[in-house]
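Undergrad: Below is the sequence, then the predicted model.
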Number of protein chains: 2
Amino acid sequence: MTQRTENLLGVLALLVMDEMNAQPTVAALAGPTARAMLNAVGQYPDSSIEVLREAVDLSHPAAVRAVAGLVDAGLIEKKSGTDKRSVALALTASGKREAKRLQTARDQMLQRIVGQLDERERGVLESLLIKILWSETRDPAHAMQLCRLCDDGPCLKAGCPVECREQGLPMPARSGT
Amino acid sequence: MTQRTENLLGVLALLVMDEMNAQPTVAALAGPTARAMLNAVGQYPDSSIEVLREAVDLSHPAAVRAVAGLVDAGLIEKKSGTDKRSVALALTASGKREAKRLQTARDQMLQRIVGQLDERERGVLESLLIKILWSETRDPAHAMQLCRLCDDGPCLKAGCPVECREQGLPMPARSGT
DNA sequence: CTTCAATGTGTGCACTATGCATATATGCAC
DNA sequence: GTGCATATATGCATAGTGCACACATTGAAG
């Protein structure tokens, strides 16, 4: 039988992702794939479709079409890449706006959840999350996948337990006191 | 900017759900909807399609077809319900087997993740999870949705923070010491 | 008893998302 | 230059989903 801690962690993950996918937004960002692609373009600017394909874990054709959809919606733009083969993708002004809106909605939802805990408990939770995530990344592509919906702000400031390890850096400390 | 604890919780939720959806299984259970429906039938036996529709948060037609697919695959069966209108769904022998396999795979994955922590930390995590989930259920339908992938074993034994609250019961204590 | 709204299930249709196979253009090694 | 790998794009088939609608059953109001 499943252990209780494990089972409850599964429930929380489901709760978080259900709410993440239910966040209201513009029509072009209805599905989780489009959102991940938009955020990934914001996080890894001037990347090619092929690089982003890994971050959102899609087949080539699906990635091409996801990008085409965002371009049609005016959320991202194709610039000339390093090659004449590849393109360099970047957020447009409205793309930046929508990406920010989704990050803010994600943050507010997560704040509501973490807000069930008091200050001390939140610090403990952060320590546990760092310790868990530090060891769960398989390779750089996996790290990109895990970070595909992130706001990279806090990680740039205090270190990302997912990407630090990929870069050979030590496990970051928890924030604050 | 997103707070760090919040951001890391979002990453962990993504990690857990990505792995949950990637668990290998039979063809009829390829998608997350089919899996949720199968597990929900196991958890709420003899329920009607309409009841399960809420647990997996689908439209009526999608629920009808999800059920039909599982029936075609021999994983669940339709029995006569309380009405002549409704059906009572139940797992077949192979349905029970596949549901068990998915629960075991889910448990092993979650054990690997929680296993990054030592014994004391796991106890702390369980306390935090109980406290969070206790307050995050909106209504009985939402509770069913959150529990749609659970193995209800540990909750029957030690209390489910999601459903306890719906039933007016107090917040369950953490397990063990 | 009849009528009619509500409930539970099922179907036709359109749309989106996805993967496989394939095509085209470019880059690079030899 | 030739040949292979890379990057993007397209045709096709398939699965999943929602809306609108149809049908059967239930129950309550008259």
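TA: Received, thanks. Numbering: from 1, shown residues only, chains lettered A, B, ... in the order given.
Undergrad: Mind listing what's buried along the one helix or strand residue A:130 maps to?
TA: Counting by DSSP states H and E, the element that carries residue A:130 is helix A:119-134. Neighbour-count burial for helix A:119-134 flags A:121-134 (criterion: 16 or more other C-beta atoms under 10 Å in any protein chain shown). The way it works is simple: take the backbone N, C-alpha and C, and place the C-beta from them, glycine included.
Undergrad: What of stretch A:64-79?
TA: So for stretch A:64-79, counting by 16+ other C-beta under 10 Å, buried means A:66, A:67, A:69, A:70, A:71, A:73, A:75, A:76, A:77.
Undergrad: again with stretch A:47-62
TA: In stretch A:47-62, counting by 16+ other C-beta under 10 Å, buried: A:47, A:48, A:49, A:51, A:52, A:53, A:54, A:55, A:56, A:57, A:58.
Undergrad: okay if I get those residues as TSV plus distance to DNA strand C, secondary structure and pLDDT?
TA: Shown next, in TSV, are those (distance: C-beta to the nearest atom of the strand, whole Å; DSSP: H, G, I helix; E, B strand; the rest coil; pLDDT from 0 to 100):
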residue	distance to DNA strand C	secondary structure	pLDDT
A:47	17	coil	95
A:48	12	coil	96
A:49	12	helix	96
A:51	16	helix	95
A:52	12	helix	96
A:53	9	helix	96
A:54	12	helix	93
A:55	13	helix	94
A:56	8	helix	96
A:57	7	coil	95
A:58	4	coil	95
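Undergrad: Out of these, which comes closest to residue A:37?
TA: Closest approach between those and residue A:37, by C-beta to C-beta: residue A:56, at 5.4 Å.
Undergrad: Just confirm the closest one contacts residue A:67, I think it does.
TA: No - look at residue A:56 against residue A:67 with C-beta atoms under 8 Å: they stay out of range, at 10.0 Å.
Undergrad: any shared contact partners between these two?
TA: Counting by C-beta atoms under 8 Å, 6 or more residues apart in numbering or on different chains, the shared contacts of residue A:56 and residue A:67 are residue A:37.
Undergrad: Assess the claim that residue A:109 and residue A:20 are in contact.
TA: Yes - the criterion here is C-beta under 8 Å, and residue A:109 meets it with residue A:20 at 7.1 Å.
Undergrad: In helices, which of the buried residues of stretch A:64-79 appear?
TA: If you go by DSSP state H, those have A:66, A:67, A:69, A:70, A:71 in helices.
Undergrad: which helices and strands sit right next to the longest helix along chain A?
TA: Counting residues, the longest helix in chain A under DSSP H turns out to be helix A:93-114. Packed against helix A:93-114 by the contact rule (3 or more C-beta pairs under 8 Å, 6 or more residues apart in numbering or on different chains; DSSP states H and E) you find helix A:4-22, helix A:32-43, helix B:4-22.
Undergrad: Convert that helix to CSV, retaining C-alpha atoms only.
TA: Provided in CSV are the C-alpha atoms of helix A:93-114 (Å, rounded to 0.1, in the frame of the first residue of the first chain):
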residue,chain,number,x,y,z
ALA,A,93,5.6,43.0,-26.2
SER,A,94,2.2,41.3,-25.8
GLY,A,95,4.0,38.0,-25.3
LYS,A,96,5.9,39.4,-22.4
ARG,A,97,2.7,40.8,-21.0
GLU,A,98,0.9,37.5,-21.2
ALA,A,99,3.9,35.5,-19.8
LYS,A,100,4.0,37.9,-16.9
ARG,A,101,0.3,37.5,-16.3
LEU,A,102,0.6,33.7,-16.2
GLN,A,103,3.6,33.9,-13.9
THR,A,104,1.7,36.2,-11.5
ALA,A,105,-1.3,34.0,-11.5
ARG,A,106,0.9,31.0,-10.8
ASP,A,107,2.6,32.8,-8.0
GLN,A,108,-0.6,33.9,-6.4
MET,A,109,-2.0,30.4,-6.5
LEU,A,110,1.2,29.0,-4.9
GLN,A,111,1.2,31.8,-2.3
ARG,A,112,-2.3,30.8,-1.3
ILE,A,113,-1.2,27.2,-0.9
VAL,A,114,2.0,27.9,0.9
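Undergrad: near DNA strand C, anything from that helix?
TA: No - on the criterion C-beta under 7 Å from any atom of the strand, helix A:93-114 is out of touch with DNA strand C, staying 14.6 Å away.
Undergrad: Buried ones in that helix, by neighbour count?
TA: Result for helix A:93-114 [16+ other C-beta under 10 Å]: buried residues A:95-96, A:98-99, A:102-103, A:105-107, A:109-110, A:113-114.
Undergrad: helices or strands up against the helix or strand bottoming out on mean pLDDT in chain A?
TA: Ranked by mean pLDDT, DSSP states H and E, the weakest helix or strand in chain A is helix A:161-166, scoring a mean of 77. Where contact means 3+ C-beta pairs under 8 Å, 6+ apart, helix A:161-166 is packed against helix A:119-134, helix A:140-146.
Undergrad: what's near enough to touch the residue nearest the centre of chain A?
TA: Nearest to the mean C-alpha position of chain A, counting by C-alpha atoms, centre = their mean, stands residue A:149 at 1.9 Å. Contacts for residue A:149 (C-beta under 8 Å, 6+ apart) come out as A:20, A:35, A:36, A:39, A:106, B:10, B:14.
Undergrad: Who are the contact partners of the closest residue to residue A:79 other than its chain neighbours?
TA: Distances taken as C-beta to C-beta, 6 or more residues apart in numbering or on different chains put residue A:88 closest to residue A:79, at 4.5 Å, once the chain neighbours are dropped. For residue A:88, the contact set (C-beta under 8 Å, 6+ apart) comprises A:45, A:46, A:47, A:48, A:78, A:79, A:80, A:81, A:82.
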